[in-house]
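> Next come a sequence and a model predicted from it.
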Amino acid sequence: MARFPLSERWYRWSAAHVVGIDRVEAALLTLVCIPTALGFGGPAVVVSLGMTVPLAWRRSKTVVSGFVVAAFAILHLLVVDQMLMPSVVAVPVALYAFAAYAPRWSSYTALGIAILGATAAGFRYFANKEVGLEAAVVSAVFLTVFVLAVWAFGDLRRVRIQELEGLAERARLLELERAQEAELAAVNERTRIAREMHDIVAHSLTVVIAQADGGRYSAAQDPQAAITALETIASTGRQALTDMRALLSVLREDRPREFAAMPGADDIESLVSELRRGGLDVGMTVTGEKRELSTGAGLTAYRIVQESLTNVLKHAGPGAQARVAVNWGPDDVELVVADDGRGGAAALIEPSPGGQGVIGMTERAKLHGGKLTAGPVAGGGYRVRGRLPYVAP
């Protein structure tokens, strides 16, 4: 349990028991002042109670309490003519509360009333033939300066309260901002994981289904082709399982994360070779001088080609040919995947739910400062063209 200094604990406790503290203080002040007021008679007792009792609400209902004290203080000037009663101590207490807790207009109004009252009290209770007028003037000035000092201290308290409220509001806004940033980060992470899972699952299952269908049709006439198809299915499944384990390990907090080497632009050629072994008629050309890509951009380039060739398997139809072109330019790398099948027509007739593949590729490209276009080609076929800068803006 955290230990706070005594002053800090007192501040926390008093802030939580404001009303109770004010009522106890008002009760004690009333008990102290009543005996003296009894010596001045019944009206003085009423005046004394009228000044001390309202202090019980000096912070909860500052304006009402303060003006009640001011009214009875004026009545004190009219009713009690011998000397100031001890209950007048309620006046600076109420004035301090006005300056610290009340609205600005009431604070200035209370200050004006207090200055007039202090001046009047100085001449009423301290002016007589023995001391002369000078003593009354000095007393009035002293009381006025005292009133101004009390109001100034109360105003400093107001500034302190406003600073604390400002800091508390700033802390609240920062906490809210951190919560929003954490939520956005979680959404972005979920989106990234969903994108990766789509790429892994869609590609792997497409290859597995294509190989399974091919192996089933050729098993009777060419057993070796069926064996090759099964080997491709096993290899694809193992790779997909490895990728899924590496991806899902980030969601587990009870064990170390499994980091696998993320595929990049250098793995595009092996991806094409794998699909070619799986029966897809695909060729690849590379032009320009190869440049270094960031890990994220390299993974994006790989996923664009992977998703595009997966769509060829799903939509282009039997006998379709695909071509992959990787063009290393001076500022960016261009990736073009085109086929001559019925991909464009299939996309219109058999649209994939939500079109997440193209959307995911486009989002990946934009994330790294690139762009991607995809659509049917005149005369048949489908083409995907993406550009990724070497240095993301």
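It's in.

> which secondary structure element contains the residue nearest to Ser204 when sequence neighbours are not counted?
With C-beta to C-beta, 6 or more residues apart in numbering as the criterion, Ser204 has its nearest non-adjacent residue at 3.6 Å, and that residue is Ala240. (Each C-beta comes from the backbone N, C-alpha and C, glycine too.) Using DSSP states H and E, Ala240 sits within helix 223-248.

> Check Asn327 too.
strand 321-328.

> coming back round to it: how far away is the residue nearest to Ser204 from Arg195?
15 Å (C-beta to C-beta, to the nearest Å).

> Those two - which one has more neighbours?
It is Arg195, of Ala240 and Arg195, that has more neighbours when counted by other C-beta atoms under 10 Å, with 20 against 17.

> Name the nearest residue to that one, sequence neighbours excluded.
Nearest to Arg195 is Gly360, by C-beta to C-beta, 6+ apart, at 4.7 Å.

> Ok, Pro103 next?
Val63 (7.2 Å).

> The one you found: neighbour count?
For Val63, using other C-beta under 10 Å, the count is 18.

> For it, give me its contacts.
98, 102-103, 106 (C-beta atoms under 8 Å, 6 or more residues apart in numbering).

> Of the residues you listed, which is the nearest to Met262?
Of all these, Pro103 has the smallest distance to Met262: 62.5 Å, by C-beta to C-beta.

> Can you report how many residues neighbour that closest one?
11.

> most surrounded residue in the contacts of Val63?
Phe98 (32 neighbours).

> check contacts around that residue.
Here Phe98 is in contact with 62-63, 66, 106-107, 110-111, 151, 154 (C-beta under 8 Å, 6+ apart).

> Give the other helices and strands that whichever helix in the chain runs longest contacts.
The helix that spans the most residues within the chain, counting by DSSP state H, is helix 132-218. Contact partners of helix 132-218 among helices and strands, from 3 or more C-beta pairs under 8 Å, 6 or more residues apart in numbering; DSSP states H and E: helix 90-101, helix 104-126, helix 223-248, helix 295-315, helix 356-367.

> Next SSE downstream of the third one?
To tie it back to what came earlier, the one meant is helix 223-248. Taking DSSP H and E, what comes next after helix 223-248 is helix 268-277.

> Can you dump the C-alpha atoms of that next one in CSV for me?
Output in CSV follows, covering the C-alpha atoms of helix 268-277 (Å, rounded to 0.1, in the frame of the first residue of the first chain):
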residue,chain,number,x,y,z
ILE,A,268,8.7,-14.4,-54.9
GLU,A,269,10.6,-16.6,-57.3
SER,A,270,10.3,-19.6,-55.0
LEU,A,271,6.5,-18.9,-54.7
VAL,A,272,6.2,-18.9,-58.4
SER,A,273,8.2,-22.2,-58.7
GLU,A,274,5.9,-23.8,-56.0
LEU,A,275,2.8,-22.9,-57.9
ARG,A,276,4.3,-24.0,-61.2
ARG,A,277,5.0,-27.4,-59.6
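
> next helix or strand past it?
Past helix 268-277, the next helix or strand by DSSP H and E is strand 281-287.

> State the paired neighbours of that next one in the sheet, together with their directions.
Looking at strand 281-287 with DSSP bridges, its partner strands are strand 321-328 (parallel).

> The partner strand versus helix 268-277: what angle between them?
170 degrees (axes from the mean of the first three to the mean of the last three C-alpha atoms, to 10 degrees).

> what residues does strand 321-328 touch?
Against strand 321-328 from outside (C-beta under 8 Å, 6+ apart): 265, 268, 272, 280-291, 301, 305, 308-309, 312, 316, 333-341.

> Give me the mean pLDDT for it.
Per-region confidence: strand 321-328 scores 92 on mean pLDDT.

> try stretch 54-73
87.

> Quick one: end-to-end length of that stretch, please.
12 Å (C-alpha to C-alpha, to the nearest Å).

> Name the residues of that stretch that are buried.
54-59, 62-63, 65-70, 72-73 (16 or more other C-beta atoms under 10 Å).

> between these, which is closest to Arg172?
Arg59 (23.1 Å).

> I am finished for the moment; much appreciated.
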